[in-house]
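S.K.: could you look at this predicted model? Sequence included:
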Amino acid sequence: MRLGSGEAFVSVVIPCLNEEEPIAGVVREVLAQGVDEVIVVDNGSTDRTAARAAEAGARVIAEPARGYGRACAAGVAALSARTDIVCFLDGDGSDVPAFLADVVGPVADNQADFVMGSRLKGRREAGSMTPQQVLAGWLAGMLLRLTYGAHFSDMSPFRALRADRLRALGMREMTYGWNLEMQMRVAAAGWRLLEVPVDHRCRQGGVSKVSGDLVAGVKAAWKIATTFLRLAATLRREPAAELQLRGTMSGKKV
């Protein structure tokens, strides 16, 4: 992918579950930004998500065991050996791929170690985020600021970091806690963190697995809360040397 200071091999991982309607359009939008590969992880879909993604130009990986984090981890395991930077975004069409360079660029330029696109700082279509999602992002941001001094306004799935550093991060959450765990681990390791504004749309098809269902939303909120408390305790017990290693691994500037 050509960026401001040169080129980097950028892989985009898109975890999917029953996103037959929007996924082809998402893949085409992402490819139009000049990324080097798109990996769609089919997390046990019962519709034509995998076929539509492949037809649009994605490399499709099957991860039948359900779990958002499990799907993301499968995508990381499938990255090309040439991958410099990995970017994540959702397959429902709500994330706007036109902001890929804004999210990836600071990592490629060695200005930040971890970049997240904040939906709360960008322009949001009416109804694209529920009040519960906005509150969850605010609450997580407050806890991260109080615990680690890290400033986040969101738990957006739209994020980028170097592939080698992600592999060394020690991610363990295999369900809804994946995004929060990543933010906690990079904050605890003292990485250079950056939020950039990104626009956000209403989903382009399918049914939300979290925000569109009250029961699922409550379960996700509970998972996020318990993940924060459990991980905060876990990270306090991790050897300081290990955290320092994760925080000081140098990324190759492109």
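M.R.: Looks like it came in fine. Predicted model, so just to flag it, every value in this text is computed and none were measured.

S.K.: show me where the stretch 51-200 of the chain has helices.
M.R.: 68-77, 100-108, 131-148, 163-167, 178-188 (DSSP state H, counting those that start in this stretch).

S.K.: make CSV out of those helices and add mean neighbour count and mean pLDDT.
M.R.: Quick note: C-beta positions are derived from backbone N, CA and C, even for glycine. Formatted as CSV, these follow (neighbours: other C-beta atoms under 10 Å; pLDDT from 0 to 100):
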stretch, mean neighbour count, mean pLDDT
helix 68-77, 22, 98
helix 100-108, 23, 97
helix 131-148, 16, 83
helix 163-167, 19, 97
helix 178-188, 23, 93
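
S.K.: between these, which gets nearest to residue 4?
M.R.: Shortest separation from residue 4 across these is recorded for helix 100-108, at 5.8 Å, computed as C-beta to C-beta.

S.K.: which elements pack onto the closest one?
M.R.: strand 2-3, strand 10-16, strand 85-88, strand 114-118, strand 159-162, strand 193-197 (3 or more C-beta pairs under 8 Å, 6 or more residues apart in numbering; DSSP states H and E).

S.K.: make TSV out of those and add distance to residue 75, mean pLDDT and mean neighbour count.
M.R.: Rendered in TSV, the data for the helices and strands packed on helix 100-108 read as follows (distance: least, C-beta to C-beta, whole Å; pLDDT from 0 to 100; neighbours: other C-beta atoms under 10 Å):
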stretch	distance to residue 75	mean pLDDT	mean neighbour count
strand 2-3	21	84	15
strand 10-16	3	98	26
strand 85-88	8	98	26
strand 114-118	17	98	24
strand 159-162	13	98	24
strand 193-197	22	98	18
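
S.K.: coming back round to it: out of the helices of the stretch 51-200 of the chain, nearest to residue 84?
M.R.: Ranking the helices of the stretch 51-200 of the chain by distance to residue 84, with C-beta to C-beta as the measure, places helix 163-167 first at 6.6 Å.

S.K.: can you name every helix or strand that that closest one contacts?
M.R.: Applying 3+ C-beta pairs under 8 Å, 6+ apart, one finds that helix 163-167 contacts helix 68-77, strand 85-88.

S.K.: could the helices of the stretch 51-200 of the chain go into CSV alongside distance to residue 121?
M.R.: Supplementary listing: those in CSV, determined by distance: least, C-beta to C-beta, whole Å:
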stretch, distance to residue 121
helix 68-77, 23
helix 100-108, 11
helix 131-148, 11
helix 163-167, 23
helix 178-188, 15
